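Peer 1: need a 3D model of the sequence below.
(one chain, ligands or ions: 2)
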Amino acid sequence: MSWLAPDEDEDIPYGEYAEHEVRQRPNPKANRPRTKRRPEHSDAVVGMVTAVDRGRYTALVPAGSDPGHPDEHSVLAARARELRRTPIVIGDRVQLVGDTSGSEGSLSRIVGLEDRRTVLRRSADDSDRVERVMVANADQMLIVVAAADPEPRVRLVDRYLVAAYDAGIRPLICITKIDLADPEPFLAHFSALEVPVFRSAPGAWPLAQIRASLAGRTTVFVGHSGVGKSTLINALVPDADRATGHVNEVTGRGRHTSSSSVALRAATPRSAGGESGWVIDTPGVRSFGLGHVTSDGILRGFTDLAEIIDLCPRGCTHQDDAPDCELDAAVADGRLDAAGAARVESLRRLLK
Ligand SMILES: Nc1nc2c(ncn2[C@@H]2O[C@H](COP(=O)(O)OP(=O)(O)OP(=O)(O)O)[C@@H](O)[C@H]2O)c(=O)[nH]1
Ligand SMILES: [Zn+2]
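Peer 2: Ligands and ions are numbered 1, 2, ... in the order given. Below is the predicted model of the structure:
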C-alpha cells in the first residue's frame with residue numbers, strides 16, 4: 001500500500017502532469033478512494049497555495065489553524081504520491097501533514113485538497129478539449145487591457161469574459177495606458193455588460209478604486225503580455241516585485257517577463273473593512289482557449305444578449321445561418337445598436 005511507504009515526491013513536471021491528468025478522464029466511480037480522508041490525516045492543517053515552483057508548493061497557514069504553530073506562517077510542501085495526478089494550483093486549499101512548522105529546510109506533505117469554490121480553466125486553443133486548471137477559489141477576474149501598445153483586442157477580452165462567467169467568477173476590466181490612446185471606443189464594446197471598468201495611466205493609477213474592490217476577495221489578474229499588469233500589481237502590492245518589461249518597438253509585443261503564478265496579499269482601504277485581498281498574478285497569456293467551454297457556457301458570457309437569445313426558436317444555434325435567430329431580428333429592427341451588433345459578431349465567432 002503506497003501510503004505506508006516513505007514520502008517520495010514523484011512529480012512529473014507541472015505542465016505535463018496537468019495535461020496527463022485531464023486527458024485520462026478516469027471513471028470517477030472506479031477510481032474513488034476507499035476512504036475519503038484516512039484517519040492518519042485527521043490532524044492535517046489547511047493552508048492556501050500561494051506559489052508553485054517545480055513541484056514545490058508554498059502554502060499559507062492562517063493564524064490559529066496549526067495548533068503547534070499558531071502564528072500565520074508559510075509552509076513549503078510536496079504532493080503526496082497519491083495526489084500525483086491531481087492538479088494543485090494557486091488558490092487551492094490544501095491539507096498538510098508532517099512538518100508544518102515552515103522553518104528553514106522543512107518540507108511538509110500535501111495529502112488532500114479541500115473542495116474548490118471556483119475553478120478557472122483554459123485550454124491551449126479552441127480545438128483543444130484538454131483543459132488546464134489555472135487558478136482555484138478566485139472570486140473575481142481583473143482583465144487588464146491596454147488602450148494601445150499593445151493594441152487592445154475585443155476578441156481576447158470576450159474570451160476572458162466567457163472564461164470568467166463560465167467559472168462563476170465576477171469580471172472587472174482595467175484599461176491601462178489611456179495616456180497613449182482614447183480607450184472609450186474600445187470600451188463601448190462592453191458597455192452593455194455590467195462590468196466595472198477602471199481607467200489607468202501613469203500618475204493617475206486608479207489604485208484606491210481597485211483596492212476597494214479587492215477587499216475580502218481573491219482576484220486573478222489576467223492580460224496579454226505588455227499591457228502593464230505587473231506595473232499595476234507592483235503599485236497595488238508594494239513588495240510584490242513583479243518583473244516588468246518593455247514592449248518591443250517592432251512587434252508591439254511585450255516580453256514574457258512574469259513567468260510564474262503567485263498569490264499576493266494586497267492591503268485595502270480601511271473603508272473596505274480593513275480586510276486584505278488576494279491578488280493572483282498569472283503569466284501573460286496570448287491566447288485563451290475555450291475548447292473546454294460548452295456553447296451554453298459561451299452564451300452565459302454574453303449576459304447583455306440573454307434577453308434576446310431567450311426569444312430564439314428552440315434549438316437555435318445562433319449562427320449566421322441559423323433560421324429565425326432573434327439576434328438577426330434584433331439587429332435589423334434596431335433593438336441592438338452598432339455596439340450590440342458587434343457583440344453578436346463576437347458571440348458568433350466564439351460559437352464557431
Ligand atoms: N504609457 C504607459 N506605459 C505603461 C503604463 N502601464 C505600464 N506601462 C509600461 O508598459 C510596459 C509593460 O508593462 P508591464 O507591467 O511589464 O506589462 P505586463 O502586462 O506585466 O507584461 P508581462 O510581464 O509580459 O506579462 C512597461 O514598460 C511599463 O512601464 C501606462 O499606463 N502608460
Ligand atoms: Zn438564436
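
Peer 1: helices or strands up against the host helix or strand of Val133?
Peer 2: Element membership of Val133, judged by DSSP states H and E, is strand 131-136. Packed against strand 131-136 by the contact rule (3 or more C-beta pairs under 8 Å, 6 or more residues apart in numbering; DSSP states H and E) you find helix 14-24, strand 119-123. Yep, even glycine has a C-beta here, placed from its N, CA and C like the rest.

Peer 1: lowest-confidence stretch among the ones you listed?
Peer 2: Comparing mean pLDDT over those, the weakest stretch is helix 14-24, at a mean of 36.

Peer 1: which positions in the helix or strand Ser74 falls within come out as buried?
Peer 2: Assessed by DSSP H and E, Ser74 sits inside strand 73-79. Going by neighbour count (16 or more other C-beta atoms under 10 Å), the buried part of strand 73-79 is His73, Val75, Leu76, Ala77, Ala78, Arg79.

Peer 1: so which of those residues comes closest to ligand 2?
Peer 2: Ligand 2 has its nearest neighbour among the buried residues of strand 73-79 in Arg79, at 45.4 Å by C-beta to the ion.

Peer 1: what's in contact with stretch 341-352?
Peer 2: 154-155, 158-159, 162, 189, 192, 290, 295, 298-299, 301-302, 304-305, 317-320, 327, 330-331, 336 (C-beta atoms under 8 Å, 6 or more residues apart in numbering).

Peer 1: out of those residues, which end up buried?
Peer 2: 154, 158-159, 162, 189, 192, 290, 298-299, 301-302, 304-305, 318, 327, 330-331, 336.

Peer 1: could you pick out which of these are near ligand 2?
Peer 2: His318 (C-beta under 5 Å from the ion).

Peer 1: in helices, which of the buried ones among the contacts of stretch 341-352 fall?
Peer 2: Val154, Asp158, Arg159, Val162, Ile298, Leu299, Leu327, Ala330, Val331 (DSSP state H).

Peer 1: so who does the second one touch?
Peer 2: Read that as Asp158. Taking C-beta under 8 Å, 6+ apart, one finds Gly301, Ser346, Arg349, Leu350 in contact with Asp158.

Peer 1: the second one and ligand 2, how far apart?
Peer 2: Think Ser346. 14 Å (C-beta to the ion, to the nearest Å).

Peer 1: ditto for the first one
Peer 2: Plainly put, Gly301 is 15 Å away from ligand 2 if you go by C-beta to the ion.

Peer 1: Val344 now?
Peer 2: Val344 is 10 Å from ligand 2, by C-beta to the ion.

Peer 1: strands of this protein, residue ranges please.
Peer 2: For the chain, applying DSSP state E gives strands covering 45-53, 56-61, 73-79, 93-98, 108-113, 119-123, 131-136, 140-146, 170-176, 197-199, 218-223, 262-266, 277-281.
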